[in-house]
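Trainee: Could you work out the structure for the sequence below:
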Amino acid sequence: MKTAVYFCTCGGNISGKIDPGRVERNVAALHAGARFQQVEFLCSEEGLALLAQDLKEQRVERVVVAACSPREHEGTFRRALAGAGINPYLLQMVNVREQVAWVTEDAGAAAAKATRLVDAALRRVALHEPLPQREIDICPDALVIGAGPAGLKAALSLAAAGRKVTLVEKSAVIGGLPVRFEELFPNLECGSCMLEPLLGEVLHGASAERIEVLTLAEVVGVAGSYGNFTVKIRQRPRFVDPRACIGCGECVGPCPVAAPNDFDCGLGERKAIAIAYPGALPSVPAIDAGRCLRLNGGECAACREACPVDGAISFEEAERLDERAVGAIVVAVGGGLLDCAELPNLGAGRVPDVISAAAFERLLAANGPTGGELRTAAGAVPRSVAIVHCVGSLERGARDYCSGICCQYAFKFNQLLGKRLPGVRRHHFYKEIAAAGKDGFVLARQAQDDPDSVFVRYREAAELNVSLESGALVVRTCTAGSDATATAVDMVVLCPAVVPGADARALGAVLDIGRDRHGFFEERHSRIDAVQSSVAGIFIAGACQAPMDVREAMNQGLAAAGQLLAGLVPGRKLEIDPATAAVDAQRCSGCAVCVGVCPYTAIALAPDGRTARVNDVLCLGCGTCAAACPTGAIRANHFTTGQILAEIAGLLA
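Mentor: Predicted coordinates:
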């Protein structure tokens, strides 16, 4: 068995710290028959050509490549082996760049460490077996979870490319958070007006026939892997047939039940049957099952009696559980806003006229609970307003990140207040100013130049206190190195941190994708692979991945769609990695331990219940089952016990 070691000097990135000649001499003393060759840039076109020629001329049977990270170029060298007629799994890579050259200062220690790694690889590769590769058919369709800006952009882009898309939205309408906002920074555009063309295209445009919109729905189960996912979707009843309803709203008025309107942050009221907001799409009312008298044992049928379309309202509609086969999933469920009540010193929920930024948006909106008129709890026009930036953001030991968008909309509030209430005093309490981009600082500059705007910097939320003093609303600041100050205002607007959505933990568990330390869905790489999750074929886009504005969210939705389109091409087959698990039926006892620990639901018991079987389409070769098997009946191809022990022996020799 002829084995060759190809040592890439990487233009000095490796040879600048590791002496290849010294490593060659050390390896020759340990493996006399191994061929050793230095190459300047092995991954280059010239380097790969040299590799292919040498493999053929020397009739090499096993290959060790000492170069950079396998994540970067293992696929490159496997393809080179395949081109030379060698099974690509008869290769073992050694990372001597990141793991040795870049972290080991002493030249002698670097050469010794590189020698051990190459020795371990040679011992391991001697036990490698040729693994057959195969291809399977794929499903080119997609599932998009969340119908906010990112999800809408992804769904429409995929449908425009000819893919079938299932768009799952947990609320009764599509559009996400921006449809609540009458004016968006930096150009003060109407949120719902800006999104309306996109919403219309999704529902009625040229590609709409390829988009299935499921509102009041959520994903409750996912099985399979990239190219072949099976998704379970639970859809709650709307109790109104969207195909029959004409959106006239006649059913709403007669309803006798009124409750706080969640769309208006609880400031206004809505009926038990209602359309979320004027202009909502789809323009079909929904019944709140928890508030409807009829659905809670009563006899009321006022809405059905008022409806001019027979059969449009059905109290008998039941919850549905459906399945969809898709090749990839785009998660675009958005984020949430911090509950300001978590910071009791700021007065939210206990001091009148202290409200969140989201509630303030609805007070300013013409279709909001006050018709756009701004009044205090006592009904007076506010003459001074405190705008507290960074509420919950940039807090040491907690949410130490900047939410990014808060400053922008705080300065938007500054301008809107100045226009609607000339002469109103605006007090900005801030930690940092975040207004990046070519048009990001426009509103900030206007606020700074406004003589009625005052800026006060603080460091931690604990330095602020909002309370009623003798009937007056007062913001007290006590910052390090300065005297305490008291600012009397008529209203306080809190700009809270962007946080993961309330359902992020549960959805992450269903999809088995990772979350970062803050609870946002974690990307594979924050700079070069920001829309790929930890699971192949599941992409993340929008504020579920990190705080971001509408533009960034839409760009991420487009990026996720682009990656999906590039990977799942109709008619193209998906190559199956043969490094999967395999069960020795003679040793398997059918204990089903492997079934329980497999994170990809790739293992099941045979019909007779005596042995386990691995579905290699679903298996991703993680090795969890092999480690857990009490009888050693499961073997992880390409990571056998013998191969791993041989590698360890080389490292410890």
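Trainee: mind listing the helices for the stretch 401-550 of the chain?
Mentor: If DSSP state H, counting those that start in this stretch is used as the criterion, the helices of the stretch 401-550 of the chain fall at 406-420, 442-449, 504-511, 550-567.
Trainee: and those as CSV, adding distance to residue 259, mean pLDDT and mean neighbour count?
Mentor: Every residue, glycine included, has its C-beta placed from N, CA and C. Output for the helices of the stretch 401-550 of the chain, formatted as CSV (distance: least, CB to CB, whole Å; pLDDT from 0 to 100; neighbours: other CB atoms under 10 Å):
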stretch, distance to residue 259, mean pLDDT, mean neighbour count
helix 406-420, 28, 91, 22
helix 442-449, 36, 87, 16
helix 504-511, 25, 94, 17
helix 550-567, 30, 94, 21
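Trainee: quick one, which of these is nearest to residue 335?
Mentor: Nearest to residue 335, of all those, is helix 504-511, at 8.2 Å by CB to CB.
Trainee: what residues are up against the residue nearest to residue 585 when sequence neighbours are not counted?
Mentor: In space, and not counting its chain neighbours, residue 585 is closest to residue 611: 4.8 Å by CB to CB, 6 or more residues apart in numbering. Neighbouring residues of residue 611 by CB atoms under 8 Å, 6 or more residues apart in numbering: 583, 585, 588, 590, 605.
Trainee: Between which two of those residues is the distance greatest?
Mentor: Among these, 585 and 605 lie farthest apart (CB to CB), at 11.8 Å.
Trainee: With neighbour numbers in mind, choose between those two.
Mentor: Set residue 585 next to residue 605 and count neighbours by other CB atoms under 10 Å: residue 605 wins out with 16 against 13.
Trainee: is it true that the more buried one touches residue 591?
Mentor: No: counting by CB atoms under 8 Å, residue 605 stays clear of residue 591, with 9.6 Å between them.
Trainee: Would you mind giving the secondary structure of residue 130?
Mentor: Under DSSP: H, G, I helix; E, B strand; the rest coil, the three-state class of residue 130 is coil.
Trainee: Equivalent analysis for residue 601, please.
Mentor: coil.
Trainee: How much space separates it from residue 625?
Mentor: 12 Å (CB to CB, to the nearest Å).
Trainee: Give the residue from the two that has the larger number of neighbours.
Mentor: Between residue 601 and residue 625, counted using other CB under 10 Å, the more crowded position is residue 625 (26 against 17).
Trainee: Identify the residue nearest the more buried one in space, chain neighbours excluded?
Mentor: Closest to residue 625 by CB to CB, 6+ apart is residue 594, at 3.8 Å.
Trainee: Could you do residue 268 as well?
Mentor: With CB to CB, 6+ apart, the residue lying closest to residue 268 is residue 369, at 3.1 Å.
Trainee: How about residue 11?
Mentor: Per CB to CB, 6+ apart, closest to residue 11 is residue 41, 6.1 Å.
Trainee: got a pLDDT number for the one you found?
Mentor: At residue 41, the model reports a pLDDT of 95.
Trainee: so who does it touch?
Mentor: 8-11, 47.
Trainee: for residue 580, same thing?
Mentor: Neighbouring residues of residue 580 by CB under 8 Å, 6+ apart: 614, 616, 619-621, 636-637.
Trainee: ok, those vs residue 61, which is closest?
Mentor: Using CB to CB, the contacts of residue 580 come closest to residue 61 at residue 637, 18.9 Å.
Trainee: And the pLDDT at that closest one?
Mentor: At residue 637, pLDDT is 94.
Trainee: cool, residue 16 as well?
Mentor: pLDDT recorded at residue 16 is 94.
Trainee: surely it meets residue 102?
Mentor: No: proximity of residue 16 to residue 102 does not meet the contact threshold set by CB under 8 Å, at 10.1 Å.
Trainee: what domains does the record give for the chain?
Mentor: Using automatic domain parsing, the domain parsing of the chain gives 3-125, 142-236+320-334+501-567, 241-318, 338-498, 577-637.
Trainee: Could you dump those domains into JSON lines and include distance to residue 652?
Mentor: Shown next, in JSON lines, are the domains of the chain (distance: least, CB to CB, whole Å):
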{"stretch": "domain 3-125", "distance to residue 652": "8"}
{"stretch": "domain 142-236+320-334+501-567", "distance to residue 652": "31"}
{"stretch": "domain 241-318", "distance to residue 652": "61"}
{"stretch": "domain 338-498", "distance to residue 652": "41"}
{"stretch": "domain 577-637", "distance to residue 652": "20"}
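Trainee: Quick check: which of those is buried the most?
Mentor: The highest mean neighbour count among the domains of the chain, using mean count of other CB atoms under 10 Å, belongs to domain 142-236+320-334+501-567: a mean of 20.
Trainee: quick one: terminal-to-terminal distance for that one?
Mentor: Start-to-end span of domain 142-236+320-334+501-567 (CA to CA, to the nearest Å) is 12 Å.
Trainee: From here on, call the first residue 864.
Mentor: All set: I'll call the first residue 864, so the last point we hit is now domain 1005-1099+1183-1197+1364-1430.
Trainee: picking that back up, looking at the domains of the chain, which is nearest to residue 1511?
Mentor: In terms of CB to CB, the element of those nearest to residue 1511 is domain 866-988, at 7.4 Å.
Trainee: Please, where are all the strands along the stretch 914-1063 of the chain?
Mentor: Remark: strands assigned in the stretch 914-1063 of the chain by DSSP state E, counting those that start in this stretch are 925-930, 954-958, 997-999, 1005-1008, 1028-1031.
Trainee: Let me have those in JSON lines, adding distance to residue 1298 and mean pLDDT as columns.
Mentor: Below are these laid out as JSON lines (distance: least, CB to CB, whole Å; pLDDT from 0 to 100):
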{"stretch": "strand 925-930", "distance to residue 1298": "44", "mean pLDDT": "97"}
{"stretch": "strand 954-958", "distance to residue 1298": "42", "mean pLDDT": "97"}
{"stretch": "strand 997-999", "distance to residue 1298": "49", "mean pLDDT": "85"}
{"stretch": "strand 1005-1008", "distance to residue 1298": "31", "mean pLDDT": "98"}
{"stretch": "strand 1028-1031", "distance to residue 1298": "33", "mean pLDDT": "97"}
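Trainee: Those into CSV, with extra columns for distance to residue 1297?
Mentor: As requested, those are exported to CSV (distance: least, CB to CB, whole Å):
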stretch, distance to residue 1297
strand 925-930, 41
strand 954-958, 38
strand 997-999, 47
strand 1005-1008, 28
strand 1028-1031, 32
